[in-house]
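# missing the sequence, but the structure's below:
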DNA sequence: GGTTAGCACTCTCCAGGTTAGAGTGCTAAC
DNA sequence: GTTAGCACTCTAACCTGGAGAGTGCTAACC
């Protein structure tokens, strides 16, 4: 009432923005609710505490900040963080030392699996939060080589080499027993005729051929079809990710305060499903994406933010990497780190 | 002075043993320091609190129990637990339901990798602590099949099938570029001539042959030797284990009380080294082994106990499984569970 | 009219004191 | 040898009263 904003309702005036920015920055720095006095002293605003109080009161009405109790300073809400990240954030260019560390560690010519692990470790080490990288996978798996080995009891070990250097092995159960020679032939047949196609295509084509010319098929092809049908099913979980430095999250009191919540979070990491869904979403968009607290839509991530960026090879998005930490994270530092890591990982995978 | 023990110094009289037993059981049950009154009431000892106090005083002098402060009841020391486990424990036979759950889940004929994961999950689920199973590995890896595929830039993807159904793949760098055909021949050569031998033997033999008859070697053999030398190196870490239910440990206040300690523990799980050492030790002995607190020799396991048992196939120990939890665990329940799981896992692996 | 100083008020946090409860050790009686 | 009784000790829980921080309101100021 006393101090209505000078801008249209719901839109922040310039001064309010400056106050919000200072408040969020201060809160990110030391995690204590921020009071008007502190802000007047250290915020670089050239405003008196009283004025700041008025502005903060407006901010609270608009839902950008929140007061834990009557006399405790203000804390940014999710909405406050969102506005901060979208409109107020000044992304700090990446520290030279950190950049060179990334460069050194993500050297081209390392195995994919390996470099993915390294990226995850780096993200975790540099940000001191949890680093996560989804494994390249999925939709357009291109078959390179197939090998079948007989096991005891009508079981067959299928080894698939996909996308140059990814090895997957599955144990499948077959209708009848196959000899080693039969399996070898079947493998050779599949490798010879289908290398370069995706698992999905191979499967579809085999099924079609079988339907069209059931009677003309020889033993080898029949065996091949039998095997392929079972072993080329879409990968078991549908994907996976590598996580590093979960335990870093124990250092943040807003998370470790309730062991209960921490446990939920860690359980989610182990089950992977929800986290993976979220990361998958991120693969669609370009560039750095940020989920703040509940925005992610997953309850376990309450109080956490997730900063991600997709990485690619030859223009095709292979996966997503990012960082998971408390909402109160140093976005201006984390964003360029995630961005740079994604670029360097892409570079490392491309230059072969 | 007043109540000297009626047995030789350091050896516990019958009554003292009964008191210690009741005390440890009580403490395991509710985690509070146990006082004389409680023990007189619920311990089934038919002794008055005063008498129990005298006995407890003796036990404290002998180092079996400890008083956190003047008036707080007694808590078992590591030595107390040790004596309890060695001499007083009455192992409860396994609950029928639990046993049948184990039986059902550890059915024979499942893939090794898979069944190991299942065992770990089971241990964790039934005991509500952390379950751990070392992966079958190491010393006597028997080679079954070798495949080499060329990658770009003088790199080769080596796929080794070991011990029937274990697949390992490594990327190696070679001195010169090899063609796909050469690599295929090399792989076939190795598979044909060395299947059934351990990686170590193969390597040794190849090196010997090379030394003896360097000039007579044909292209295929040279390539094979080059490959094998690099890809048959003892496996990267030297071993590994599967862990399940770490987060269960967060439920125990003696561990979760200090997030610091919990963090150390979780870091140890991630780094695996120390835990793996300990588990390796256990593979030597037969039957169930128990490490209580500091006994393990690893600082991170302070406050934790580890109960393990080796599992085997055809008489040969393949690995170790067990449970990690707070010192204050229900040994009489955990021991038969670990024991049974080891037996059933062995059975599942044998009956092929 | 926006900005600021002043002030009364609220709330948390902490230190200190008090109490209730639990447990002990000792002594004396059984 | 065992037990009841009692004085003593220690902790945890609770209350209490500042101290400090922060707020909202009002009135004065530019």
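It's in. Note that this is a predicted model, so its numbers are computed, not measured.

# next one: residue A:271 from residue B:14, what distance?
To residue B:14, residue A:271 is 51 Å away according to Cβ to Cβ, to the nearest Å. For the C-beta atoms, the positions are set from N, CA and C on the backbone; glycine is no exception.

# repeat that for residue A:106.
68 Å.

# tell me the residues of the stretch 1-150 of chain A that contact DNA strand D?
Contact residues (Cβ under 7 Å from any atom of the strand) of the stretch 1-150 of chain A with DNA strand D: A:2, A:33-38, A:49-50, A:53, A:56-57, A:60, A:67, A:70-74.

# what parts of the stretch 101-250 of chain A come near chain B?
With Cβ under 8 Å from any Cβ of the partner chain as the criterion, the stretch 101-250 of chain A meets chain B at residues A:109, A:111, A:114, A:144-145, A:147, A:149, A:151-153, A:155, A:157, A:159, A:161, A:164-165, A:167, A:169, A:171, A:246-247, A:250.

# circling back: from the residues of the stretch 1-150 of chain A next to DNA strand D, which land in helices?
Among these, the members found in helices (DSSP state H) are A:36, A:37, A:38, A:49, A:50, A:53, A:56, A:57, A:60.

# burial measure for the last one, as a count.
If I follow you right, that is residue A:60. Other residues within reach of residue A:60 by the criterion other Cβ atoms under 10 Å in any protein chain shown amount to 15.

# surely it is in contact with residue A:67?
Yes: counting by Cβ atoms under 8 Å, residue A:60 does reach residue A:67; the two are 6.4 Å apart.

# and for those two, which residues touch both?
residue A:74 (Cβ atoms under 8 Å, 6 or more residues apart in numbering or on different chains).

# neighbours around residue A:208, how many?
For residue A:208, using other Cβ under 10 Å, the count is 10.

# next, the buried residues of the helix or strand harbouring it.
For residue A:208, the host element (DSSP states H and E) is helix A:199-212. For helix A:199-212, burial by neighbour count (16 or more other Cβ atoms under 10 Å in any protein chain shown) applies to A:199, A:201, A:202, A:203, A:206.

# with stretch A:119-129 instead?
In stretch A:119-129, counting by 16+ other Cβ under 10 Å, buried: A:119, A:120, A:121, A:122, A:123, A:124, A:125, A:126, A:127, A:128, A:129.

# just flag the most distant two among these.
A:119 and A:128 (15.9 Å; Cβ to Cβ).

# residues contacting residue A:197?
Counting by Cβ under 8 Å, 6+ apart, residue A:197 has contacts A:142, A:143, A:205.

# cutoff 6 Å now
Shown in contact with residue A:197 (Cβ atoms under 6 Å, 6 or more residues apart in numbering or on different chains): residue A:143.

# quick check, residue A:242 in a helix?
No: assigned with DSSP: H, G, I helix; E, B strand; the rest coil, residue A:242 falls outside any helix and is strand.

# tell me what the lowest-mean-pLDDT helix or strand in chain A is packed against?
Ranked by mean pLDDT, DSSP states H and E, the weakest helix or strand in chain A is helix A:219-231, scoring a mean of 76. Secondary structure elements in contact with helix A:219-231, counted by 3 or more Cβ pairs under 6 Å, 6 or more residues apart in numbering or on different chains; DSSP states H and E, are strand A:166-173, helix A:180-194, helix A:199-212.

# among the ones you listed, which is nearest residue A:254?
Checking these against residue A:254 by Cβ to Cβ gives strand A:166-173 as the closest, at 38.4 Å.

# just checking: what are the partner strands of that closest one?
Its sheet considered, strand A:166-173 pairs with strand A:155-162 (antiparallel) by DSSP bridges.

# and the partner strand, average pLDDT?
Average pLDDT, strand A:155-162: 88.

# can you give me the angle it makes with helix A:199-212?
Orientation of strand A:155-162 against helix A:199-212 (axes from the mean of the first three to the mean of the last three Cα atoms, to 10 degrees) gives an angle of 120 degrees.

# orientation of strand A:155-162 relative to helix A:219-231 in degrees?
Put simply, strand A:155-162 runs at 80 degrees to helix A:219-231, going by the same axes, to 10 degrees.

# name the residues that touch strand A:155-162?
Residues contacting strand A:155-162 (Cβ under 6 Å, 6+ apart): A:141, A:144-151, A:167-174, A:231, B:165, B:167.

# chain center to it, what's the gap?
The chain centroid and the centroid of strand A:155-162 are separated by 28 Å, computed with Cα atoms, centre = their mean, to the nearest Å.

# again with stretch A:301-314
With Cα atoms, centre = their mean, you get 4 Å for stretch A:301-314.

# grab the nearest non-local neighbour of residue A:38.
In this structure, residue A:38 finds its nearest non-sequential neighbour in residue A:26, 6.6 Å apart by Cβ to Cβ, 6 or more residues apart in numbering or on different chains.

# residue A:290 and residue B:25, how far apart?
53 Å.

# same question for residue A:165.
Separation of residue A:165 from residue B:25 (Cβ to Cβ): 56 Å.

# these two: which is more packed in?
residue B:25 (22 against 19).

# between the helix or strand hosting the more buried one and helix B:49-61, how big is the angle?
Element membership for residue B:25, per DSSP H and E: helix B:14-30. Interaxial angle, helix B:14-30 versus helix B:49-61 (the same axes, to 10 degrees): 90 degrees.

# give me the nearest residue to residue A:259, chain neighbours excluded.
residue B:256 (4.7 Å).

# who are the neighbours in contact with the one you found?
A:259, B:250, B:262.

# give me the below-cutoff pLDDT ranges for the stretch 1-150 of chain A.
A:1-11, A:137-140 (pLDDT under 70).

# taking it, what residue is nearest to DNA strand D?
Using Cβ to the nearest atom of the strand, the point where the stretch 1-150 of chain A gets nearest to DNA strand D is residue A:35, with a distance of 2.5 Å.
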